[in-house]
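A.B. asks: no sequence on this one, just coordinates:
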Ligand SMILES: [Zn+2]
């Protein structure tokens with residue numbers, strides 16, 4: 001009797017081994033599937049993250065921008081004093097949520113005049129500029145920047161304004177390139193559509209540190225001593241950090257540690273002390 005019992009035990013043993021092997025194979029299959037799914041998820045996430053790739057590529061555009069800026073720096077018409085709130089009244093605020101795409105008002109017609117609110121020239125996703133609005137780099141803003149750069153140098157940083165005035169046409173080329181590369185939805189988060197860029201006002205200065213070109217157009221610049229010095233001191237020269245961190249839903253743009261807007265010392269100081277974005281400060 002011992003023989004058959006042993007045999008049975010052996011059979012049972014091999015059964016268990018087969019079951020164990022099948023279980024192992026299934027387990028491995030599940031793990032492999034999970035890894036593959038996770039990987040493709042990561043890929044998708046990375047594709048929808050424009051930042052790093054963009055920053056590298058923008059570097060290439062900077063040269064062009066500089067050329068563009070200097071060639072367009074011809075005439076500097078002084079800012080018209082009269083206010084123009086036509087844009088304001090034409091866009092009912094209640095409809096905004098239904099009609100905005102990426103912060104823009106879909107189908108918004110090109111304006112004939114730039115918008116001034118409380119005497120401040122506005123260019124944002126709700127208030128575009130006419131395509132023929134081409135003031136060039138603002139001379140007062142440039143002089144203020146040079147003052148600021150001089151004081152920054154004394155503090156140990158050499159500041160560079162690597163992109164200032166951009167024409168409508170140049171912005172058009174820039175934006176279309178980004179759309180072709182990253183898609184419209186992504187491009188809208190970091191690049192303005194033509195007519196909507198604050199750089200067309202001649203009052204926006206993209207600032208970086210000389211010798212640290214790899215940090216130009218990155219959020220890391222905001223963490224450098226130079227970036228911090230700017231945030232603390234720019235208003236004394238009339239500039240504000242225009243797109244602060246965490247205000248994307250208000251300004252329409254993600255955090256830009258490098259983008260400064262000239263408002264004049266008075267207003268820049270008030271805006272800085274209010275801790276508000278320009279949109280919030282002006283109530284637009
Ligand atoms: Zn900028």
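C.D. replies: Arrived safely. Remember, predicted model here, so these are calculated numbers, not experimental data.

A.B. asks: residues near residue 228, how many?
C.D. replies: As a burial measure, the neighbour count of residue 228 was computed by other CB atoms under 10 Å and equals 14. To be clear about C-beta, it is placed using only N, CA and C from the backbone, and glycine gets the same treatment.

A.B. asks: can you mark which positions in whichever strand or helix holds it are buried?
C.D. replies: With the criterion set as DSSP states H and E, the secondary-structure element containing residue 228 is helix 225-233. Of the residues in helix 225-233, 226-227, 229-230 count as buried by neighbour count, 16 or more other CB atoms under 10 Å.

A.B. asks: sec struct for residue 149, please.
C.D. replies: Three-state call for residue 149 (DSSP: H, G, I helix; E, B strand; the rest coil): helix.

A.B. asks: touching, it and residue 159? I think so.
C.D. replies: Yes: under the contact definition of CB atoms under 8 Å, residue 149 touches residue 159, with a separation of 4.4 Å.

A.B. asks: the more surrounded of these two?
C.D. replies: Between residue 149 and residue 159, counting by other CB under 10 Å, residue 159 is the more crowded of the two (22 against 17).

A.B. asks: show the pLDDT at the more buried one.
C.D. replies: In this prediction, residue 159 carries a pLDDT score of 98.

A.B. asks: partners of it in the sheet?
C.D. replies: For residue 159, the beta-bridge assignment (DSSP bridges) gives partners residue 209.

A.B. asks: surely it meets residue 227?
C.D. replies: No: taking contact to mean CB under 8 Å, the distance of 10.2 Å between residue 159 and residue 227 leaves them out of contact.

A.B. asks: find residues that contact each of the two.
C.D. replies: Shared contacts of residue 159 and residue 227, defined by CB atoms under 8 Å, 6 or more residues apart in numbering, comprise residue 209.

A.B. asks: before we move on, back to that, so what does the helix holding residue 228 touch, helix or strand wise?
C.D. replies: Counting contacts by 3 or more CB pairs under 8 Å, 6 or more residues apart in numbering; DSSP states H and E, the secondary-structure elements packed against helix 225-233 are helix 139-155, strand 204-209, strand 239-243, strand 256-262.

A.B. asks: residues from the stretch 151-284 of the chain in reach of the ion?
C.D. replies: For the stretch 151-284 of the chain, the residues in contact with the ion under the definition CB under 5 Å from the ion are 206, 259.

A.B. asks: can you name the residue of the stretch 151-284 of the chain nearest to the ion?
C.D. replies: Using CB to the ion, residue 259 is the residue of the stretch 151-284 of the chain that sits closest to the ion, at 3.6 Å.

A.B. asks: shouldn't that residue be in contact with residue 203?
C.D. replies: No: using CB under 8 Å, residue 259 makes no contact with residue 203, being 11.1 Å away.

A.B. asks: could you pull out the strands for the protein?
C.D. replies: Using DSSP state E, the strands assigned to the chain run over residues 100-101, 104-105, 115-117, 120-122, 159-163, 204-209, 239-243, 256-262.
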